[in-house]
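*Asks:* Build me a model:
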Amino acid sequence: MAIINFKRKTQLLLFILLSGPAVACAQMLQIHFDPRHTLDPRRNRENFPTLYFEYFKPMDTLGSFFIKTEDDLQGANHNTGKFYTQVSRSFKFWHPKIYAQLQYSGGIGIAEPGSYGYYITNTFSLGAVYPFQWKGGWFSTSLSYAYNAFKRPSNDVLYSLYWGHGFWNYKFEFSGDINLYTLNRNLGDAYTAGLKGKQVSFFGEPQVWFKIHDGFALGSKINMYYHVLIAENLLQVYPTIAARFKFN
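*Replies:* Modelled structure (predicted):
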C-alpha cells in the first residue's frame, strides 16, 4: 500500500457525481468478530471486531447507488485501525439491460507495532454492469477499467460478481461478492522496486445469514484473500461470527 495524497475537491466532486439523487432504500449494519489470529496466528497479530454499514438503492430505469463503509477495530485497545469506503453508481440512458458504472474505493489505517499511518490506495473504475436473475437468485456481474493511484500508477482490469438468494421465505440467505483484478508488481516504492509485470489478485466475501426476527439475523462472512494481504501465493480464508440489522 502506498501513501498517496489527492486533492479533496477532486474526491468530493467524484462523490457527488456518484451519489446523484438517491431515495431512501435498504440500509444494513453488520457487526463481526474476526478470529483470524486464532485461526492463523503467524500472519495475524490479533482477533478484532469489525463494523460494516451499507446503503443500497436498487436498480431502476436510471441505475442504482451503493455505498459501503468498513471499520476494523484492530488498533490499540480495539480503537479504529483501518477504515475503508466504497461508493458505486450505475446508470444507463438506453434500452439494453447493461449499465455503465462508476466506482471509487479507498481508505486509511494504522500499522502496529510501529504505529505509522498508511493509505489504502485510491481506486477509480469505469465499466459495464449486467444484473440478472437465475433460479430464484439475484446476480450482478461487471467488468471495469481501474486506475490504482500508487506512487507508480497501475492501470488494471477489475471483474466483480455480486449475488443474493433467499431460501424458506428468506429465513436463510446466501449472498456476497467476489472480485478478481490485476495490479502492477512494481508500485513505485522501495519494497516493490525491481519487480516487473502484473499479478492477479482475488478478494471474496460470501455470507450466510439466519433470520432471527424481522430485520435481525445471525451468520458469518467468509473473508477470502489472494495477493491482497501478503505477496505469497496463498489463499487466506477467515470466517467471522456476525450479527446483521436491516432497516429501510
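
*Asks:* With adjacent residues omitted, what lies nearest to Phe53?
*Replies:* Thr69 (5.0 Å; Cβ to Cβ, 6 or more residues apart in numbering). Where you see a C-beta, it was placed from the backbone N, CA and C, and this is true even at glycine.

*Asks:* Verify the stated contact: the one you found with Thr85.
*Replies:* Yes. Between Thr69 and Thr85 there is a contact under Cβ atoms under 8 Å: 5.3 Å.

*Asks:* Regarding stretch 109-119, how distant is the last residue from the first?
*Replies:* 6 Å (Cα to Cα, to the nearest Å).

*Asks:* what is the mean pLDDT for it?
*Replies:* Averaging pLDDT along stretch 109-119 yields 75.

*Asks:* What residues are bridge-paired with Gly109?
*Replies:* Lys82, Tyr118 (DSSP bridges).

*Asks:* how near is it to Gln199?
*Replies:* 21 Å (Cβ to Cβ, to the nearest Å).

*Asks:* of the two, who's got more company?
*Replies:* The neighbour comparison of Gly109 against Gln199 (other Cβ atoms under 10 Å) goes to Gly109, with 19 against 14.

*Asks:* contacting residues for the more buried one?
*Replies:* For Gly109, the contacting residues are 72, 81-83, 117-120, by Cβ atoms under 8 Å, 6 or more residues apart in numbering.

*Asks:* just checking, Ile31 touches Ala242?
*Replies:* Yes. Look at Ile31 against Ala242 with Cβ under 8 Å: they come within range, at 6.5 Å.

*Asks:* what about these two, which has more around it?
*Replies:* Neighbour count, other Cβ under 10 Å: between Ile31 and Ala242, Ala242 has more, with 21 against 14.

*Asks:* Excluding chain neighbours, give the residue nearest to the more buried one in space.
*Replies:* Nearest residue to Ala242, sequence neighbours excluded (Cβ to Cβ, 6+ apart): His32, at 4.4 Å.

*Asks:* give me the element that neighbour is part of.
*Replies:* strand 26-34 (DSSP states H and E).

*Asks:* I'd like to know which of the contacts of Gly109 are buried.
*Replies:* Neighbour counting with 16 or more other Cβ atoms under 10 Å marks 72, 81-83, 119-120 as buried within those.

*Asks:* Kindly reformat the residues you listed as CSV containing distance to Pro41.
*Replies:* CSV is the format used below for the buried ones among the contacts of Gly109 (distance: Cβ to Cβ, whole Å):
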residue, distance to Pro41
Asp72, 18
Gly81, 18
Lys82, 19
Phe83, 25
Tyr119, 27
Ile120, 24
